[in-house]
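Trainee: Test case, fold it:
(one chain, ligands or ions: 2)
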Amino acid sequence: MKIGLIGYQGSGRSTLFAWLTGVAADPALAHVGQSAMAEIPEPRIDALAKIYNPKKITRAAIEIADTPGLSRDHAGSAGRLATLREAGCLVLVLAAFDRGDPLADLASFDEDLLLADMEIVANRLDRVAQSLTKPIPRQEREQLQHEQDTLRLVLTAMESGKPLRESDMTEEQLKVTRAFRLLSEKPRMVIVNTADDEEHPERFTDKSTSELPIVAVPAGLELELARMSPEDRAEFEAEMGVGGADRDGLIRQLLAISGHKIFLTAGEKEVRTWLLPKDGTAVDAAASIHTDLARGFIRAEIMTCADLVRLGSEREVKAQHLVRQEPKDYVVRDDDILLIRFSV
Ligand SMILES: Nc1nc2c(ncn2[C@@H]2O[C@H](COP(=O)(O)OP(=O)(O)OP(=O)(O)O)[C@@H](O)[C@H]2O)c(=O)[nH]1
Ligand SMILES: [Mg+2]
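Mentor: Numbering: from 1, shown residues only. Ligands and ions are numbered 1, 2, ... in the order given. Got it, this is the predicted structure:
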């Protein structure tokens, strides 16, 4: 699952990328962008490791993509944003250091996203119109006409500056547009990259809503802190009275915004976290482990991590009848430890 860092040139995307992933951004790749994985911090893993003493511990990770910066005159934006079609979530990085005006940039960047989407919709409309001039079976023609009607509505809404998520399209119409994975439709959040000595980050985060969460991070400073030894860091933080942006919390927030959750598997061989879409079921979980497990799925045996940690052993959880048997369509919950029973 990919999360795209986007923003104007020099907003601090590469600094944030390095902070989130621990991988230094390669300047030679600045014009095409680059990706690295960020493990999802999961404190429950440590508790499970104590119980199982596993040979291996594996943490689920999300892919963080640093992308080429856009210029403020919108030139070439659509092309630079093209790699983000596959992203599950966009993080808009806005500069608030060196007299940057993040809130003005936010409005302007929305326009960039909308323009990039309009280009896609307009191109598709051209192709649909062309296909409709040819002799084609009636059913196909009707489908294309439905698509054309919908896309025309979409384009009109966009031309008036309105992103789709604010328009009153029907579910049926939204189905057509979803296939295009439009940028202005993606879940997103804002990271305001503040100056190291910013005293009032709340002047930015005050505007945060559940629709558009806003977090303030002094990325340059945080990256420096992350590279220090724990002792140097503690000393520096105490002296300067700074530091402590919640990187772990931010990564978990990105996971939630992108519509994902994690589930756990645990045993002596391996303790592991896995990614799953937020409405993912037991059989989806099985499929993410291995397709064979989904194909031969019989049932999932589930206990909660809280029960296991409280009781100290799997045997005790069983003795207290706290292992549930769940079918394919059971929606996996946070804290579930799954064991998939399957036949080959
Ligand atoms: N003062 C201050 N400067 C920063 C901060 N973050 C980044 N910078 C500076 O801003 C410049 C750009 O940072 P990058 O992380 O390379 O920004 P970017 O968005 O990747 O830039 P481009 O890829 O060149 O568009 C660098 O000179 C950084 O040192 C910050 O939090 N505070
Ligand atoms: Mg960069």
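Trainee: Show the end-to-end separation of stretch 79-87, please.
Mentor: This stretch, stretch 79-87, spans 15 Å end to end (C-alpha to C-alpha, to the nearest Å).
Trainee: Leu276: what secondary structure?
Mentor: Secondary structure of Leu276, reduced to three states by DSSP: H, G, I helix; E, B strand; the rest coil: strand.
Trainee: Beta-bridge partners for it, please?
Mentor: Here Leu276 sits in beta bridges with Lys261, as judged by DSSP bridges.
Trainee: Contacts only, for Val317.
Mentor: Under the criterion of C-beta atoms under 8 Å, 6 or more residues apart in numbering, the neighbours of Val317 are 303, 307-308, 311, 323. All C-beta atoms are positioned from the backbone trio N, CA, C, and that covers glycine.
Trainee: Among the residues you listed, which are located in helices?
Mentor: Mapping these onto helices (DSSP state H) picks out 307-308, 311.
Trainee: Is Arg80 in contact with Pro68, as I believe?
Mentor: Yes. Using C-beta atoms under 8 Å, Arg80 and Pro68 qualify as a contacting pair, with a distance of 4.6 Å.
Trainee: Please name every helix or strand in contact with the longest helix belonging to the chain.
Mentor: With DSSP H applied, the helix covering the greatest number of residues in the chain is identified as helix 102-132. Applying 3 or more C-beta pairs under 8 Å, 6 or more residues apart in numbering; DSSP states H and E, one finds that helix 102-132 contacts strand 2-7, helix 77-81, strand 89-96, helix 138-159, strand 188-194.
Trainee: repeat that for 10 Å
Mentor: Contact partners of helix 102-132 among helices and strands, from 3 or more C-beta pairs under 10 Å, 6 or more residues apart in numbering; DSSP states H and E: strand 2-7, helix 77-81, strand 89-96, helix 138-159, helix 171-178, strand 188-194, helix 202-205, strand 214-217.
Trainee: Need the residues touching each of Arg80 and Pro68.
Mentor: Here Arg80 and Pro68 have 6, 31-33 as joint contacts, going by C-beta atoms under 10 Å, 6 or more residues apart in numbering.
Trainee: Most neighbours among these, please name it.
Mentor: Compared across the shared contacts of Arg80 and Pro68, Ile6 has the highest neighbour count, 27 neighbours, by other C-beta atoms under 10 Å.
Trainee: give the contact list for that one.
Mentor: 13, 33, 65-70, 77, 80-81, 84, 87, 90-93, 109, 112-113, 183, 188.
Trainee: which of those residues are close to ligand 1?
Mentor: Checked against ligand 1 using C-beta under 6 Å from any ligand atom, these give the following subset in range: 13, 69.
Trainee: Now list the buried members of the contacts of Ile6.
Mentor: 13, 33, 65-70, 77, 80-81, 84, 87, 90-93, 109, 112-113, 183, 188 (16 or more other C-beta atoms under 10 Å).
Trainee: Pull up the residues of the stretch 1-150 of the chain that are close to ligand 1.
Mentor: Selection of the stretch 1-150 of the chain residues close to ligand 1 by C-beta under 6 Å from any ligand atom yields 7, 9-15, 30, 69, 97.
Trainee: so which pair among these is furthest apart in space?
Mentor: Ala30 and Phe97 (19.2 Å; C-beta to C-beta).
Trainee: Same list (the contacts of Val317) but as CSV, adding pLDDT and distance to ligand 1.
Mentor: What follows is the contacts of Val317, written out as CSV (pLDDT from 0 to 100; distance: C-beta to the nearest ligand atom, whole Å):
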residue, pLDDT, distance to ligand 1
Met303, 97, 44
Asp307, 97, 43
Leu308, 97, 41
Leu311, 96, 46
Val323, 97, 48
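Trainee: Mind putting those residues into JSON lines with neighbour count?
Mentor: Below are these laid out as JSON lines (neighbours: other C-beta atoms under 10 Å):
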{"residue": "Met303", "neighbour count": "22"}
{"residue": "Asp307", "neighbour count": "16"}
{"residue": "Leu308", "neighbour count": "24"}
{"residue": "Leu311", "neighbour count": "17"}
{"residue": "Val323", "neighbour count": "17"}
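Trainee: Pull the number of nearby residues for Tyr8.
Mentor: Using other C-beta under 10 Å as the criterion, Tyr8 is surrounded by 20 other residues.
Trainee: any idea of the pLDDT on it?
Mentor: On pLDDT, Tyr8 comes in at 94.
Trainee: measure Arg299 to Pro187 for me?
Mentor: When distances are taken as C-beta to C-beta, to the nearest Å, Arg299 and Pro187 turn out to be 33 Å apart.
Trainee: Just list the residues touching Asp98, thanks.
Mentor: For Asp98, counting by C-beta under 10 Å, 6+ apart, the contacting residues are 10, 195.
Trainee: Which residue comes closest to Trp19 once chain neighbours are left out?
Mentor: Beyond its immediate neighbours in the sequence, the residue positioned closest to Trp19 (C-beta to C-beta, 6 or more residues apart in numbering) is Leu223, lying 4.5 Å away.
Trainee: is it true that that neighbour touches Gly12?
Mentor: Yes. Under the criterion of C-beta atoms under 10 Å, Leu223 is in contact with Gly12, at a separation of 9.3 Å.
Trainee: if I look at these two, which residues touch both of them?
Mentor: Residues touching both Leu223 and Gly12 comprise 19, 217, with contact defined as C-beta under 10 Å, 6+ apart.
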